[in-house]
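Asker: got a predicted structure plus its sequence, pasted below:
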2 protein chains.
Amino acid sequence: MKKINIGLVGFGTVGAGLLKILKDKRSLIKEKTGFEFAAKKVCDKDFITRRPIKLDRYIKTKNVNDILNDPDIDVVVELVGGIHPAKEIIINSLAKKKHVVTANKALIAQEGKDIFKAARRYKRNIYFEASVGAGIPIIKTLRESLIANKVDGIFGVINGTSNFVLTRMSEQECSFNSAILDAKKKGFAERNPSLDIDGIDTAHKLLILVYLAFGKLFKMEDIYIEGISKISLADIKFAEELNMVIKLLAIAKKEGVALDVRVHPTMVPKENLLSSVSGIFNAVYINTDLMGDLLLYGQGAGALSAASGVVSDLIDLARDLQSTSNTFSERLFLRKPLLQKLVKISDIQSKYYIRFMAIDKPGVLARISGVLGQYGISISSVTQKGRRRAKIVPIIMLTHEATEKNMRLALERIYKLAVIRDYPVAIRIEKEL
Amino acid sequence: MKKINIGLVGFGTVGAGLLKILKDKRSLIKEKTGFEFAAKKVCDKDFITRRPIKLDRYIKTKNVNDILNDPDIDVVVELVGGIHPAKEIIINSLAKKKHVVTANKALIAQEGKDIFKAARRYKRNIYFEASVGAGIPIIKTLRESLIANKVDGIFGVINGTSNFVLTRMSEQECSFNSAILDAKKKGFAERNPSLDIDGIDTAHKLLILVYLAFGKLFKMEDIYIEGISKISLADIKFAEELNMVIKLLAIAKKEGVALDVRVHPTMVPKENLLSSVSGIFNAVYINTDLMGDLLLYGQGAGALSAASGVVSDLIDLARDLQSTSNTFSERLFLRKPLLQKLVKISDIQSKYYIRFMAIDKPGVLARISGVLGQYGISISSVTQKGRRRAKIVPIIMLTHEATEKNMRLALERIYKLAVIRDYPVAIRIEKEL
């Protein structure tokens, strides 16, 4: 029976959930793994706020150095979030020859390079299952189960807040703002939900998945990110009529020797399982050469789900601690990127859903389709919603594949037509789904 | 760089797929894991049949002892299938201090006890990811990612042949027999498909999942197994109208201190993702205390998918080979079962779909519902399909929860009514989905 001492930095909901699991499931974990995990020290600024678990006084500390300098601590679990001081805590932990588990997606996505370099340098491991999809075994699957597979594409619904808002709008037929309010009331959105709603959180997670699948940690500024704040109930309903669902999708797919990586609201056909991922649930589709399509679905948020992912990492670490070799650089990651280049957003090819708000009079359609034609964009279907002679009506168009650059130019031109009100709404339709 | 020598027993489609992957992906695997896998010997009775890979003459053998007695072979991969001689090959491999990877679900389900005992005795590991859902990481997830979770229920569509047949009947509106013929033509059903169609294969896989989740390997004869051969197109269409889909479902759920384990055609509501698992795809739903619902979906059959699962096991084994401790008995399994007792099929509680073929005349419904009432079965809806006075028409009933024993007695009684033709068709509706 081996005892593994944990230093926990960050006693928030996930941290408290983790300690609760380690306590409640102590005998189950012992039974299954032969390991006993003990929180030797817990660091936080605040020990006043009530948590679902009580700590002995002697394990509490407000000084992270009490953890870093404790030679008996084998593993540091970082659950403070954010970039600083999380980055310094992790790098100092590695330097002190401690392994690290973290759920910090922003940190891995933005500062992963320095962190992995430190892990290699100090020959320690870092695990981060809970950084994407909480306890859903997405990272472990990419890292281990798919090890012999070449990944061709990843498509993910990986932000619970955005997905809750879109699902809510659809089910309650309510506005974006009213859905956001609901999400806040239910605790599914933060007071300032922009990280979630604007696609930043989804992009962080996507960069991590891309790193695991393709071996390169791209930068946030190099990928296209568009959030859901402009999605209207009207478009959700028109999508429904077209047998599609609007999802905030994380997309990464091979296009020849380059990689197309982006985050934006996307029309997903109802036949595809991703369209059925509702509310705060998350799912990731992975297309591979050997396995074909694989989907992993579950609760991508929540203290216990995330803590469950952290425990799964701890078990992996415990396994490493028994190993005779330094496994970090050898096992976890590709050492050479499979792909280096990104496809620019202006160069992508996509089918589009477009909604024009136009004056209902003869010749409007001819003018719109005329401009589209000039930019080589061909239309696969058109529907005018309702008849209101000389009033504004929505015109819904689906296009065949077009390049984004041409689409943007065409919409710019069409917007200037006298018969058009509002900037046209364009939503990409994902052809691979 | 560590080299790991494999002895492969069984050079069929999965075996050939495995060797092809190890060859084609040699550098990817090396890059990612630091290990090099080499097939040192391959044993089969037949080397005449063409395979997608050519073997050097000196690695072929028809004598399995050439593998067992080779001290340089670290791992034996058993892909012959069936009980004998697979069981002897595996136990002898373990005795010769070789680790084992197998995809043999029948063997693990039926003879697992002896095999695990041998693994413990000889302190060697046995991995079997590809035995359930081919390369879908179902077993690894139960074993590792969910390690701190208590499983409450497992619901699986885990037989590609049966699922293809049911999907085909629904999509083509064809009979069971015609769908089976299609499946054979496409290579999705064996010449004698009874293992798949009768639910045996599903039951084998379910027993393995139950073993991992609840710690006890139950016997085939102790669980209820019903196949899909009596499912008619009529019932598939009536299910559709009721917003449900008929799936051959593997079910295991906790009922107090006992476990309810069964395999049978089941009505799955369309809201549930399992209803969208079509054709040869597989999926497993796992309900847990920490993670809530988790779904794993993918290609549950096919040479490359299965071989991908075998490679994932090989990587795990390679990891074990670097470990200083004997990990088998300590890590993989529960040593004490969480649950010992099974719920008898006659004692289960379920909602039911029932189709009666009855003469269309006044009073029929009163007689049927009268009998149901005597057995404490209450009806939630009734529809008579069509009107054909004094002729036979189908009557579709949905019931509230009833015990199986009462349902069987009631159907027996109703069948004897003069107004009833054919034995009533009863299909359980899964309330947890």
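Answerer: Sure, I can see it.
Asker: who does the lowest-mean-pLDDT helix or strand in chain A touch, helix- and strand-wise?
Answerer: Using mean pLDDT, DSSP states H and E, helix A:26-33 stands out as the lowest-scoring helix or strand of chain A, at a mean of 84. Contact analysis of helix A:26-33 by 3 or more C-beta pairs under 8 Å, 6 or more residues apart in numbering or on different chains; DSSP states H and E lists strand A:35-43, helix A:303-321 as its packing neighbours. Any C-beta I mention is one placed from the backbone N, CA and C, and that applies to glycine too.
Asker: what packs against the first one?
Answerer: It refers to strand A:35-43. Packing partners of strand A:35-43 (3+ C-beta pairs under 8 Å, 6+ apart): strand A:2-9, helix A:13-24, helix A:26-33, strand A:60-61, helix A:65-68, helix A:303-321.
Asker: so for the longest one, mean pLDDT?
Answerer: Looking back up the chat, that one is helix A:303-321. Mean pLDDT, helix A:303-321: 90.
Asker: tell me which of the helices and strands packed on strand A:35-43 sits most buried.
Answerer: helix A:303-321 (a mean of 25; mean count of other C-beta atoms under 10 Å in any protein chain shown).
Asker: you'd agree A:L79 is up against A:G7?
Answerer: No: the pair A:L79 and A:G7 fails to qualify as a contact (C-beta atoms under 8 Å) at a distance of 11.2 Å.
Asker: domain map for chain A?
Answerer: Chain A breaks down by automatic domain parsing into domains covering A:2-127, A:139-299, A:345-429.
Asker: contacts for stretch A:39-51?
Answerer: A:5-12, A:15-16, A:19, A:22, A:55, A:59-64, A:66-67, A:70, A:72-73 (C-beta atoms under 8 Å, 6 or more residues apart in numbering or on different chains).
Asker: if we go by neighbour counts, what in that stretch is buried?
Answerer: Using 16 or more other C-beta atoms under 10 Å in any protein chain shown as the test for burial, stretch A:39-51 gives A:39-44, A:51.
Asker: centre of the chain to the least confident helix or strand of chain A, how far?
Answerer: 31 Å (C-alpha atoms, centre = their mean, to the nearest Å).
Asker: swap in stretch A:177-186?
Answerer: 20 Å.
Asker: quick one: is it near chain B?
Answerer: No: Stretch A:177-186 lies out of reach of chain B by C-beta under 8 Å from any C-beta of the partner chain, never closer than 15.5 Å.
Asker: for that stretch, C-alpha coordinates in CSV please.
Answerer: Extracted in CSV, the C-alpha atoms of stretch A:177-186 (Å, rounded to 0.1, in the frame of the first residue of the first chain):
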residue,chain,number,x,y,z
ASN,A,177,-30.4,38.1,-23.1
SER,A,178,-33.2,36.3,-21.3
ALA,A,179,-31.4,32.9,-21.7
ILE,A,180,-28.2,34.5,-20.3
LEU,A,181,-30.2,35.6,-17.2
ASP,A,182,-31.5,32.1,-16.8
ALA,A,183,-28.0,30.7,-17.0
LYS,A,184,-26.8,33.1,-14.3
LYS,A,185,-29.7,32.3,-12.0
LYS,A,186,-29.0,28.5,-12.3
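Asker: got the contact list for the spatially closest residue to A:G302 that is not a sequence neighbour?
Answerer: Counting by C-beta to C-beta, 6 or more residues apart in numbering or on different chains, A:G302 lies nearest to A:A134, which is 6.3 Å off, once chain neighbours are set aside. Contacts for A:A134 (C-beta under 8 Å, 6+ apart) come out as A:103, A:282, A:298-302, A:305-306, A:308-309, B:291.
Asker: could the helices and strands packed on strand A:35-43 go into CSV alongside distance to A:I108?
Answerer: As requested, those are exported to CSV (distance: least, C-beta to C-beta, whole Å):
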stretch, distance to A:I108
strand A:2-9, 16
helix A:13-24, 15
helix A:26-33, 25
strand A:60-61, 25
helix A:65-68, 20
helix A:303-321, 13
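Asker: list the contacts of A:I315.
Answerer: Here A:I315 is in contact with A:29, A:33, A:35, B:144, B:147 (C-beta under 8 Å, 6+ apart).
Asker: that older thread, out of the helices and strands packed on strand A:35-43, which comes closest to A:S93?
Answerer: Shortest distance between A:S93 and those, using C-beta to C-beta, is found for helix A:65-68: 6.2 Å.
Asker: CA atoms only: put the closest one into CSV for me.
Answerer: Output in CSV follows, covering the C-alpha atoms of helix A:65-68 (Å, rounded to 0.1, in the frame of the first residue of the first chain):
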residue,chain,number,x,y,z
ASN,A,65,5.7,27.8,-0.1
ASP,A,66,4.6,25.5,2.7
ILE,A,67,3.6,23.1,-0.1
LEU,A,68,6.5,23.7,-2.4
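Asker: quick check: A:K54 vs A:K60, distance?
Answerer: 10 Å (C-beta to C-beta, to the nearest Å).
Asker: swap that for A:I208, sorry
Answerer: 31 Å.
Asker: which parts of the stretch 1-150 of chain A sit against chain B?
Answerer: So the stretch 1-150 of chain A meets chain B at A:21, A:25, A:28-29, A:31-34, A:129, A:134-137, A:140-141, A:144-150 (C-beta under 8 Å from any C-beta).
Asker: and which of the contacts of A:I315 is nearest to B:A410?
Answerer: Using C-beta to C-beta, the contacts of A:I315 come closest to B:A410 at B:I147, 44.2 Å.
Asker: tell me the secondary structure for that closest one?
Answerer: coil (DSSP: H, G, I helix; E, B strand; the rest coil).
Asker: so it is in contact with A:K32, correct?
Answerer: Yes: if you go by C-beta under 8 Å, B:I147 and A:K32 touch, sitting 5.7 Å apart.
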